[in-house]
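Chemist: fold the following for me, if possible:
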Amino acid sequence: MSQTEVPLRCTGVAVVLLKPFGEECKLLLLRRNSKVLQNVWCYIGGSIEEGEAAWEAALREVEEETGLKSISLYTSTLFDQIYSPAEDYIYLAPVFVGYVEGTGQVKLNDEHSEFKWVTFEEAFDTVSLPGNEEVLRSVEKYFAKRSPLHHLRITS
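Modeler: Numbering: from 1, shown residues only. Below is the predicted model:
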């Protein structure tokens, strides 16, 4: 009896952006405006380009999708994971956490139709993809309610 494996593909990244609003930390949700996940509220995601490290793709995707450039980036040690029944593979994407520095304003590209800064409780009620809530609960605990561990910081 031969054993078949379901391949893993890690060709993209995800980023949860956090920003202080007074005493509260909020996160950015974007509404998709594309064939894939049309009208779904989610955090930032995108592909890793040729020659890029995953963290470089994360910073590029943040800038492309939101126009924000001043970000302190951390690895969360979490992964988005999705099984594709059509192609029989498991897609993994490392999740990064970015702290928005300064007063940068969000300027969406055409991949999204709208955005909103929300509390974690609002985000739990808004995100649609299975697994997103678990990722956000961990981000809330380790990045919003306390200072992140220094060794998780990505420095270029």
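
Chemist: quick one: residues in contact with the lengthiest helix in the chain.
Modeler: Secondary structure assigned by DSSP state H gives helix 54-66 as the longest helix of the chain. For helix 54-66, contacts defined as Cβ atoms under 8 Å, 6 or more residues apart in numbering pick out 10, 12-13, 15, 17, 28, 30, 44-49, 52, 68-69, 71, 73, 75, 94, 96, 98, 106-109, 111-112, 115, 154, 156. In short, each C-beta sits where N, CA and C put it, glycine included.

Chemist: one more: stretch 147-156?
Modeler: Contact with stretch 147-156 is made by 55, 56, 72, 73, 74, 75, 76, 77, 96, 97, 142, as judged by Cβ under 8 Å, 6+ apart.

Chemist: thinking again about what came up before, tell me the average confidence for the longest helix of the chain?
Modeler: Regarding helix 54-66, the rounded mean pLDDT is 96.

Chemist: got it, and stretch 108-117?
Modeler: Per-residue pLDDT over stretch 108-117 has a mean of 92.

Chemist: just the pLDDT for residue 6.
Modeler: Residue 6 is given a pLDDT of 89.

Chemist: find the nearest non-adjacent residue to residue 30, please.
Modeler: Closest residue in space to residue 30, ignoring its immediate chain neighbours: residue 112 at 4.3 Å, by Cβ to Cβ, 6 or more residues apart in numbering.

Chemist: so who does the one you found touch?
Modeler: The contact partners of residue 112, by Cβ under 8 Å, 6+ apart, come to 30, 31, 32, 33, 65.

Chemist: could you list which of those belong to strands?
Modeler: Among the contacts of residue 112, DSSP state E puts 30, 31, 32 in strands.

Chemist: ok, what's across the strand from the second one?
Modeler: On DSSP bridges, the residues paired with residue 31 through beta bridges are residue 41, residue 114.

Chemist: hmm, residue 108 and it touching each other?
Modeler: No: taking contacts as Cβ atoms under 8 Å, residue 31 lies outside contact range of residue 108: 9.1 Å.

Chemist: what about these two, which has more around it?
Modeler: Neighbour comparison, residue 31 and residue 108: the larger count goes to residue 31, with 18 against 15 (by other Cβ atoms under 10 Å).
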